[in-house]
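[1] have a look; sequence and predicted model below, questions after that.
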Amino acid sequence: MGKRLVAADANEATLLGLVQRHPATLVVTPIGGQGYLFGRGNQQLSPAVIRAVGKDNIVVVSTLGKIQSLRGQPFLVDTGDLEVDQLLAGYVKVVTSCDECIVYRVTAGPWL
C-alpha cells in the first residue's frame, strides 16, 4: 500500500482486517494440473476475505501452458461456502502475458 509492504505471509485474520479498511485486489493463479483458484492451499483467502474484496477485484494470472494442461476443464473453486463458490462461478478474464488475456470458465465444482 503506497509502495510499502503492509503484511507478509499474512493469515486470514490479518487479510480480513486489511481488506475491510482498504480497497484491495487479489491476484491469484490456478494450481497447475488441478485448476483450483480457491480452496486448495490458500485457506487464508477465506470466503469472508473474498466477499470483502469482491469478484470484480480478483485478477487471475496464468501461463497458457498451465491453462492448456487443464485440457478444457474449467477452473474450480471450493471455498467451503456455497454462496461464495456460486458468486465466483461463471467466466473470468485471465491475464496470460503482459499484453494478452483470455476469458475462461470457472465452476463451483461437479458436486453442485
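    Everything's here; your move.
[2] tell me the contacts of the nearest residue to N57 once chain neighbours are set aside?
    Spatially, and ignoring its direct neighbours in sequence, N57 is nearest to T25 (4.8 Å; C-beta to C-beta, 6 or more residues apart in numbering). Using the backbone N, CA and C atoms, a C-beta is placed for each residue, glycine as well. Applying C-beta atoms under 8 Å, 6 or more residues apart in numbering, we find T25 in contact with V53, N57, I58, V59.
[3] quick one: which of those sit in helices?
    Mapping the contacts of T25 onto helices (DSSP state H) picks out V53.
[4] re earlier: ok, the residue nearest to N57 to G80 distance?
    T25 sits 22 Å away from G80, going by C-beta to C-beta, to the nearest Å.
[5] over to I102?
    Taken as C-beta to C-beta, the span from I102 to G80 is 28 Å.
[6] any low-confidence regions in this structure?
    32, 109-112 (pLDDT under 70).
[7] quick one, helices of it?
    Using DSSP H, the helices of the chain run over 12-21, 47-53, 64-68, 82-88.
[8] make CSV from those helices and add mean neighbour count and distance to T96 to it.
    Output for the helices of the chain, formatted as CSV (neighbours: other C-beta atoms under 10 Å; distance: least, C-beta to C-beta, whole Å):
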stretch, mean neighbour count, distance to T96
helix 12-21, 15, 26
helix 47-53, 19, 22
helix 64-68, 14, 5
helix 82-88, 18, 19
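[9] and the ones you listed as a markdown table, adding distance to L76?
    Formatted as a markdown table, the helices of the chain follow (distance: least, C-beta to C-beta, whole Å):
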| stretch | distance to L76 |
| --- | --- |
| helix 12-21 | 20 |
| helix 47-53 | 14 |
| helix 64-68 | 13 |
| helix 82-88 | 9 |
